[in-house]
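Asks: Sharing a model that was predicted from the sequence below.
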Amino acid sequence: MNSTKETALKFRNVILIVSLLVACCGMSHAQKAPSLSLSRLEKIVVRSRTQAITPRATPPSWLDFDKVRVGLAFVKAHDAFIRQVLGTSSLAATFAAKDIPPVLMQTGRLRTDFSQRMNETGQLMDGITQQQDSREEFQTANLARAYQLGQLHAGVARKAQEVLHWNRKERLPLNQQAYALVLYSFAWWPVEALSATKQIDPNDVSQELDGWFHLWSVIGYEMGVSEALLPTNYARAKEMVALLRKAQYTGAGEVLPEGVPVLLGGQVRWLVELAAAHPPTAAKPTPEQLLSGTADSFAQIIKLSPGLAEALRLGNDPAAQLIQDASLPVQK
């Protein structure tokens, strides 16, 4: 427990980030056309792989700013840990998704300039989750940036389709299914990690979590996620994230998407840069110590998320594999 808390503090200054550029690749056996044996929610998730995102310039009619304020207060109360999770396991989860690495490798920014791309993304996401005193400020500042993010991704989707030429009847670049997983990497992963480390008990903070998930539902709506996929409350988010993981995570016997080690290696090097800028002790650690400690801390956070290490093919010693990924040459 204590070591886990120490791990959580190591990246206190990690920039609030997100892995944002989403596209699609091959369709697994589990993702074929919906059958009668699937539940209603499963059918929604399966169909969403062929549906494009729809960024919205106006807020949803069901926006409740009182709940939004509760959600923003939850952000503030757990800010350091949330940032640490978003910079580690949340981002890595998007690399684990079958439909995301292909477009990340196509766009090139993350494989060639990971740190700068994350810094730019962090600034945008800080604006999306900044504290506000009124609904009007929330709409004109936070939601405007969420819409901007959705528009950016819609443009990426159009360009990706021109290059990748995927069958639209099977998958689309930046499809709803993969984009929803990105949204849940913000909305679910921090809550999951807070619960796993005993910092919260979901049963004891139900009102706070209602606000948190309402906040992310509103943001997701503006970004372009289908209403049917939004994390409207804790129970719905828990059910939905299991379905999204099943649909998007690389399963046993499936080939890991090309580029995952490159992306993970870039993430480790970026985290090392942050650790070097804000060392945990007065004594300056060596580069080898920074790499080893960063990889170990990263691996410990990954283990808080069920199935993530397996989906990333990190093996029996995730820290060692992360160090190996970080040793890969930066692609040009």
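Replies: In hand now; what should we look at?
Asks: hey, let's count contacts and neighbours off CA atoms from now on
Replies: Will do.
Asks: Nearest residue to the middle of the chain?
Replies: Nearest residue to the geometric centre of the chain (Cα atoms, centre = their mean): residue 185, 3.2 Å.
Asks: residues contacting that residue?
Replies: 86, 90, 91, 93, 94 (Cα atoms under 8 Å, 6 or more residues apart in numbering).
Asks: what do you get if the cut-off is 7 Å, keeping everything else the same?
Replies: Shown in contact with residue 185 (Cα atoms under 7 Å, 6 or more residues apart in numbering): 90, 93.
Asks: Now residue 322: closest residue in space that isn't a chain neighbour?
Replies: The spatial neighbour of residue 322 that comes closest, neighbours along the chain excluded (Cα to Cα, 6 or more residues apart in numbering), is residue 295 at 6.0 Å.
Asks: Pretty sure the one you found sits against residue 317.
Replies: No - using Cα atoms under 7 Å, residue 295 is not in contact with residue 317; the gap is 10.6 Å.
Asks: Between those two, which has more neighbouring residues?
Replies: residue 295 (23 against 11; other Cα atoms under 10 Å).
Asks: residue ranges for the helices of the stretch 51-200 of the chain, please.
Replies: Here the stretch 51-200 of the chain has its helices, by DSSP state H, counting those that start in this stretch, at 65-77, 79-85, 91-96, 101-107, 109-112, 114-128, 135-137, 144-164, 176-187, 189-196.
Asks: Could I get these in CSV, plus columns for distance to residue 257?
Replies: Converted to CSV, the helices of the stretch 51-200 of the chain look like this (distance: least, Cα to Cα, whole Å):
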stretch, distance to residue 257
helix 65-77, 33
helix 79-85, 23
helix 91-96, 8
helix 101-107, 6
helix 109-112, 14
helix 114-128, 18
helix 135-137, 41
helix 144-164, 14
helix 176-187, 14
helix 189-196, 22
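Asks: Of all the ones you listed, which one is nearest residue 243?
Replies: helix 176-187 (9.7 Å; Cα to Cα).
Asks: Restricting the selection to alpha carbons, write that closest one to CSV.
Replies: The C-alpha coordinates for helix 176-187 follow below in CSV (Å, rounded to 0.1, in the frame of the first residue of the first chain):
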residue,chain,number,x,y,z
GLN,A,176,-17.1,5.9,-32.1
GLN,A,177,-15.9,2.7,-30.5
ALA,A,178,-12.3,3.6,-30.3
TYR,A,179,-13.0,7.3,-29.5
ALA,A,180,-15.2,6.2,-26.6
LEU,A,181,-12.3,4.2,-25.2
VAL,A,182,-10.2,7.4,-25.3
LEU,A,183,-12.9,9.2,-23.4
TYR,A,184,-13.1,6.4,-20.8
SER,A,185,-9.3,6.6,-20.4
PHE,A,186,-10.0,10.1,-18.9
ALA,A,187,-13.2,9.2,-17.1
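Asks: now stretch 197-205: mean pLDDT?
Replies: In this model, stretch 197-205 carries a mean pLDDT of 97.
Asks: Which positions in it come out as buried?
Replies: 197, 202 (16 or more other Cα atoms under 10 Å).
Asks: gap between it and the chain center?
Replies: Distance of stretch 197-205 from the chain centroid (Cα atoms, centre = their mean, to the nearest Å) equals 21 Å.
Asks: same check, this time on stretch 66-81
Replies: On Cα atoms, centre = their mean, the centre of stretch 66-81 falls 18 Å from that of its chain.
Asks: cool, stretch 120-132 as well?
Replies: Using Cα atoms, centre = their mean, the offset of stretch 120-132 from its chain centre is 15 Å.
Asks: and if you look at stretch 98-115?
Replies: 14 Å.
Asks: got a list of what residue 213 touches?
Replies: Counted by Cα under 7 Å, 6+ apart, residue 213 has contacts 187, 231, 232, 233, 234.
Asks: quick one on the thing from earlier: where among the helices of the stretch 51-200 of the chain is the average confidence lowest?
Replies: Of all the helices of the stretch 51-200 of the chain, helix 109-112 carries the lowest average pLDDT, namely a mean of 72.
Asks: still on that earlier bit, pick the one among the contacts of residue 213 closest to residue 172.
Replies: Using Cα to Cα, residue 231 is the member of those that lies nearest residue 172, at 22.1 Å.
Asks: Compute the distance between the closest one and residue 63, please.
Replies: Distance, residue 231 to residue 63, using Cα to Cα, to the nearest Å: 14 Å.
Asks: With neighbour numbers in mind, choose between those two.
Replies: residue 231 (28 against 14).
Asks: Need the nearest residue in space to that one, chain neighbours excluded.
Replies: Closest to residue 231 by Cα to Cα, 6+ apart is residue 237, at 4.5 Å.
Asks: Is that neighbour in contact with residue 229, as I believe?
Replies: No - if you go by Cα under 7 Å, residue 237 and residue 229 don't touch, sitting 8.9 Å apart.
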